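S.K.: Show me how the following folds:
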Amino acid sequence: MPKVREVMSTNVTTVEVPARRREAIDIMVKQDLTWLPVVKKGTTLLVGVVTRSDLMSKPEEDQLALLMKRDPITVSPDADIGEAVKLILDGNLHRLLVSSSKRELIGALTVTDIVHKVLVETDKTKIIKPYVKRTMTCVWEGTPLPVTYNIMRLANVQALPVLDDNGTLVGIIAGSDFLSVSEEVHEEKVSKTTGESEGTDWDWDTSNRIIITKKKLKIPNRPVKDVMTKNVETTVEQASVAECALKMKRYGIDQLPVLDAKGLLNGMIRDSDLLRALV
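M.R.: The predicted structure follows:
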């Protein structure tokens, strides 16, 4: 099994402390990031990590050192990928920071890195059946788009399999599909006491108030089948882990519907589920 240093990304954007919140905000907005490793000024010494949620949790606080999370979970570049995967799964993480024994930041390791660089090369006899999620949220092809959007939001998922009257998979709908047929309306408000989630557009003005700009979609009352993606990449539970990883890499996706012998939807397999094959 490869070492972390063979798989990790080394081009990691950081923010230094001491610093004010404004500096972290500017970096995140400019590079479209939702998190940043925090290092000691003038060094690569890792002292914390900060997310957009952290920055918005205390609007009255301006010092980055008081907003960041200290002592983030890290992994050595010389650790086996299996050790890193266990840390990711146990902590329900999307990424791990890679540091030296002296806490110097070396890189970052993401689920995507592991799927694209490691799982595509795994034993072809290892199948996905034990890792398939049997419980999932689906939607009927005649469901109105506004209802579908709310189902996706309440289920906290990025995509929904679409079924016809017979329960057969006929498509999949994701957030990008809504954008293609909807009009975005921006609403702005100012608050001194509350923050928003990482997915919200936000900024601070010079008087330390949060200016929150929400994107609201005016979604047309059309059925899902009008806008869903119909040519869906799928797999079967007897497929190998390597085959699924390669398909995810090739098509730039992070999940695949799993069909049974009759072609009916039988589960979903996500990139994070595939990681369990390495533990």
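S.K.: Tell me the strands beside the helix or strand harbouring residue 257, with direction?
M.R.: Residue 257 is part of strand 255-259, with elements assigned from DSSP states H and E. Applying DSSP bridges to the sheet, strand 255-259 is found paired with strand 235-236 (parallel), strand 265-270 (antiparallel).
S.K.: Show me what the longest one is in contact with.
M.R.: To tie it back to what came earlier, the one meant is strand 265-270. Under the criterion CB atoms under 8 Å, 6 or more residues apart in numbering, residues 128, 131-134, 136, 138, 161, 163, 167-169, 235, 237, 244, 254-260 lie in contact with strand 265-270. C-beta here means a position set from N, CA and C on the backbone, and glycine is covered the same way.
S.K.: hmm, 7 Å instead?
M.R.: With contact meaning CB atoms under 7 Å, 6 or more residues apart in numbering, strand 265-270 is reached by 128, 131-134, 136, 161, 163, 169, 235, 237, 244, 254-260.
S.K.: and these, which are buried?
M.R.: Buried by 16 or more other CB atoms under 10 Å: 128, 131-132, 136, 161, 163, 169, 235, 237, 244, 254-259, out of the contacts of strand 265-270.
S.K.: returning to what we had before: can you redo the strands paired with strand 255-259 as JSON lines with distance to residue 222?
M.R.: Listed next are these as JSON lines, based on distance: least, CB to CB, whole Å:
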{"stretch": "strand 235-236", "distance to residue 222": "29"}
{"stretch": "strand 265-270", "distance to residue 222": "23"}
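S.K.: Any chance of JSON lines for those, columns distance to residue 96 and mean pLDDT?
M.R.: Listed next are the strands paired with strand 255-259 as JSON lines, based on distance: least, CB to CB, whole Å; pLDDT from 0 to 100:
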{"stretch": "strand 235-236", "distance to residue 96": "27", "mean pLDDT": "97"}
{"stretch": "strand 265-270", "distance to residue 96": "18", "mean pLDDT": "94"}
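S.K.: Which pLDDT does the model give residue 107?
M.R.: Looking at residue 107, its pLDDT is 96.
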